[in-house]
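Trainee: For reference, the sequence and a predicted model appear below.
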Number of protein chains: 2
Amino acid sequence: MALSPKQKVYQEVLDAVRDYIEKNELKSGDKLPSEREMAEKLHAARSSVREAFRAMELLGLIETRRGEGTFISSYNSYQSVELLASFILREHDKKNDLMQAKVLLEKEAAKLAYFQLKKGDLIALQKIIKNTSINRKDQHVGFFQTIFDKADNLLLVKMWRLMQAYSQTIHKYSYDHSFYSALIELYKEKNYEAIENLFNEWLHVTYKKLSFTID
Amino acid sequence: MALSPKQKVYQEVLDAVRDYIEKNELKSGDKLPSEREMAEKLHAARSSVREAFRAMELLGLIETRRGEGTFISSYNSYQSVELLASFILREHDKKNDLMQAKVLLEKEAAKLAYFQLKKGDLIALQKIIKNTSINRKDQHVGFFQTIFDKADNLLLVKMWRLMQAYSQTIHKYSYDHSFYSALIELYKEKNYEAIENLFNEWLHVTYKKLSFTID
DNA sequence: AATATTTAGGTGGTCTGACCACTAATATAT
DNA sequence: ATATATTAGTGGTCAGACCACCTAAATATT
């Protein structure tokens, strides 16, 4: 493993695993080579392979079962993000970036979904908003999950989920209640252009607000 | 390190480090105990401590300098996002999703930059487009790198760079030449609203085109 | 023959101890 | 006082050794 001298071995293992997954077209749940086998294949020590594997495990990318092996995770578990947040999110300047990016994704998803939403979907959205038995965060997630489904872009929804998880430790993770109703109303009125403005207004207000609440 | 039997050692190290940081009120840039010292303190092997440290490093929580020590990271919190994204992107071969997401980011960056661009910036953009000594890909990257700089959102630019890198395996990675000129023209005319439409038109055309070229 | 049991090999989990490359502070020489 | 060489400490990596656990094949039991 002495090819790229500047890079650490466990970083190279990371790349190698990614290539391996792609090359062999492995999907969620498929088995990876054992630590020993991977080490031999990459001419690295097992401990180096383990450093890479443990990091990936912590990120929820792989799943490990003692006595069985290492498997590609379905990546539904975002538990790693929680740990991240507990360390990271005291850095405030990045909170703004995160919130801004998240809102942008939600805005674009809302616009993409515009062309796909049926009447039944609108009713479903309304039901989520009116359901007071779940908390606001779950309302927000449910609401936009529906929208992202209609937007039909797997990459966008994955990025959004990640940001949503990150942003959960920040106080502001949802819009005002009136926001959701306003969006639904725009869908009903078939007012595509106004969607952009609705989000942008909220974005500017919140952006400023966050700037002043930095301690 | 035999107290909590069900938990892996490197997980316990993770918790211990978090407690250590909390207890000693360490801030960004502060030094952590060495791997050997931490191992002795926690009655664990150095390799186990390393597994935890490497994972934290990958998450961007700590920074490591050979010969000096391990420090609490001050920046680069988005390192993990990059890694995650690189796996997410590989997971599915939805080229359409990727292209759509990339264009969306470029569009939003163009709109964010709108409020920051000075006359000199526009000249710089024009110079990039008129420079025929570099290939189209580098023109595209240079053009939007300038725009993303003005948009001033670290997270957005990192996501974009990643997508740009991956999209290079696809044939379409840049716009028609007239597109860039048109965008500059809109900046000059201070026509904010038209930016959205410019991108959307291109997006719809390309989206359909790609739909038919999927192998 | 069908079932239950034992066994052997493979896997992750952990530890020990050893080098190497690098850095910074100390000691030494100029 | 300055420049140089030494040294101790640090992360980076490796090799090899156990252990606990799981699975499947070989064996024994019915």
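Mentor: Good, I have the coordinates. Numbering: from 1, shown residues only, chains lettered A, B, ... in the order given.
Trainee: Least confident secondary structure element in chain A?
Mentor: helix A:79-88 (a mean of 45; mean pLDDT, DSSP states H and E).
Trainee: Can you spell out which helices and strands pack onto the helix or strand that that helix is followed by?
Mentor: Of the helices and strands lying after helix A:79-88 in sequence (DSSP states H and E), the nearest is helix A:92-114. If contacts are counted by 3 or more CB pairs under 8 Å, 6 or more residues apart in numbering or on different chains; DSSP states H and E, helix A:92-114 sits against helix A:136-151, helix A:154-167, helix A:192-212, helix B:95-114, helix B:154-167. Using the backbone N, CA and C atoms, a C-beta is placed for each residue, glycine as well.
Trainee: Let me have those in a markdown table, extended by distance to DNA strand D.
Mentor: Conversion of the helices and strands packed on helix A:92-114 to a markdown table gives the following (distance: least, CB to the nearest atom of the strand, whole Å):
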| stretch | distance to DNA strand D |
| --- | --- |
| helix A:136-151 | 34 |
| helix A:154-167 | 26 |
| helix A:192-212 | 35 |
| helix B:95-114 | 31 |
| helix B:154-167 | 22 |
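Trainee: Which of these comes out lowest on mean pLDDT?
Mentor: Least confident of the helices and strands packed on helix A:92-114, judged by mean pLDDT, is helix A:192-212 with a mean of 71.
Trainee: what's the burial count for the residue of chain A found nearest DNA strand D?
Mentor: Of all residues in chain A, the one sitting closest to DNA strand D is A:Gly67 (2.5 Å; CB to the nearest atom of the strand). By other CB atoms under 10 Å in any protein chain shown, 4 other residues sit near A:Gly67.
Trainee: helix, strand or coil for it?
Mentor: Under DSSP: H, G, I helix; E, B strand; the rest coil, A:Gly67 falls in the coil class.
Trainee: Dihedrals phi and psi, it?
Mentor: Per-residue torsions, A:Gly67: phi 80, psi -20 (degrees, to the nearest 10).
Trainee: Could you tell me how far it is located from A:Ile195?
Mentor: 53 Å (CB to CB, to the nearest Å).
Trainee: tell me which parts of chain A are close to DNA strand C?
Mentor: A:32, A:34-37, A:46-47, A:50, A:53, A:64-70 (CB under 7 Å from any atom of the strand).
Trainee: which of those tops the neighbour count?
Mentor: Most neighbours among these, by other CB under 10 Å: A:Phe53, with 25 neighbours.
Trainee: what residues are up against that residue?
Mentor: A:Phe53 sits next to A:13, A:35, A:62, A:64, A:70 when contact means CB atoms under 8 Å, 6 or more residues apart in numbering or on different chains.
Trainee: among those residues, which two are most distant?
Mentor: A:Val13 and A:Thr64 (15.0 Å; CB to CB).
Trainee: For A:Lys107, find the nearest of the helices and strands packed on helix A:92-114.
Mentor: helix A:192-212 (3.8 Å).
Trainee: For A:Leu112, grab the count of nearby residues.
Mentor: There are 19 residues near A:Leu112, going by other CB under 10 Å.
Trainee: Find the nearest non-adjacent residue to it, please.
Mentor: Once flanking residues are discounted, A:Leu112 sits nearest to A:Ala151: 3.8 Å by CB to CB, 6 or more residues apart in numbering or on different chains.
Trainee: Could you count how many residues lie near the one you found?
Mentor: Counted with other CB under 10 Å, A:Ala151 comes out at 25.
Trainee: got it, and A:Gln116?
Mentor: By other CB under 10 Å, 12 other residues sit near A:Gln116.
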